[in-house]
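Visitor: Okay, predicted coordinates and the sequence, questions at the end:
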Amino acid sequence: QVQLVESGGGLVQAGASLRLSCAASGQTFSRLSMGWFRQAPGKEREFVVAMNWSNGRTYYSDSVKGRFTISRDNAKSTVYLEMNSLKPEDTAVYSCAAVRTVLIGPLSASGVDYWGKGTLVTVSS
């Protein structure tokens, strides 16, 4: 089992930056592919970004490409999501996701093995 705990959410103004963290425990972190999803009020959960554990390759959704950056620190068993130039439409609960396999493309929610509970990001206009 893997436990994922997100932190770093909050209320920011449009154009601001925010960094989310997701701390993992329970399994060798370095062999987990990690990602982030988000769910806005009244909308379905959507893929944001993922990073392959084996080669560090990243996959971004078009809506965040160029603004968001995923990174990981295997020594700290933590994955980060750096969010820049935030927009009101980025408002959502952001959830960390872990997969025990190598990724060959963007992550689907049905392929996620472990989920965090999420952290709320609110971007005001």
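Guide: Done, it's in.

Visitor: Please, where are all the strands along this protein?
Guide: 3-7, 10-13, 18-25, 33-39, 46-51, 58-60, 68-73, 78-83, 92-99, 114-115, 119-124 (DSSP state E).

Visitor: Could you dump the ones you listed into TSV with mean pLDDT added?
Guide: Output for these, formatted as TSV (pLDDT from 0 to 100):
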stretch	mean pLDDT
strand 3-7	97
strand 10-13	98
strand 18-25	97
strand 33-39	97
strand 46-51	97
strand 58-60	97
strand 68-73	97
strand 78-83	98
strand 92-99	98
strand 114-115	98
strand 119-124	98
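
Visitor: which stretch among the ones you listed comes nearest P106?
Guide: strand 58-60 (4.4 Å; CB to CB). Any C-beta I mention is one placed from the backbone N, CA and C, and that applies to glycine too.

Visitor: From the contact counts, what lies against the closest one?
Guide: Judged by 3 or more CB pairs under 8 Å, 6 or more residues apart in numbering; DSSP states H and E, the packing partners of strand 58-60 are strand 46-51, strand 68-73.

Visitor: Partner strands of the last one, with direction?
Guide: Pointing back at strand 68-73 there. Strand 68-73 sits in its sheet next to strand 78-83 (antiparallel), going by DSSP bridges.

Visitor: Quick check, central residue of the chain?
Guide: W36 (2.2 Å; CA atoms, centre = their mean).
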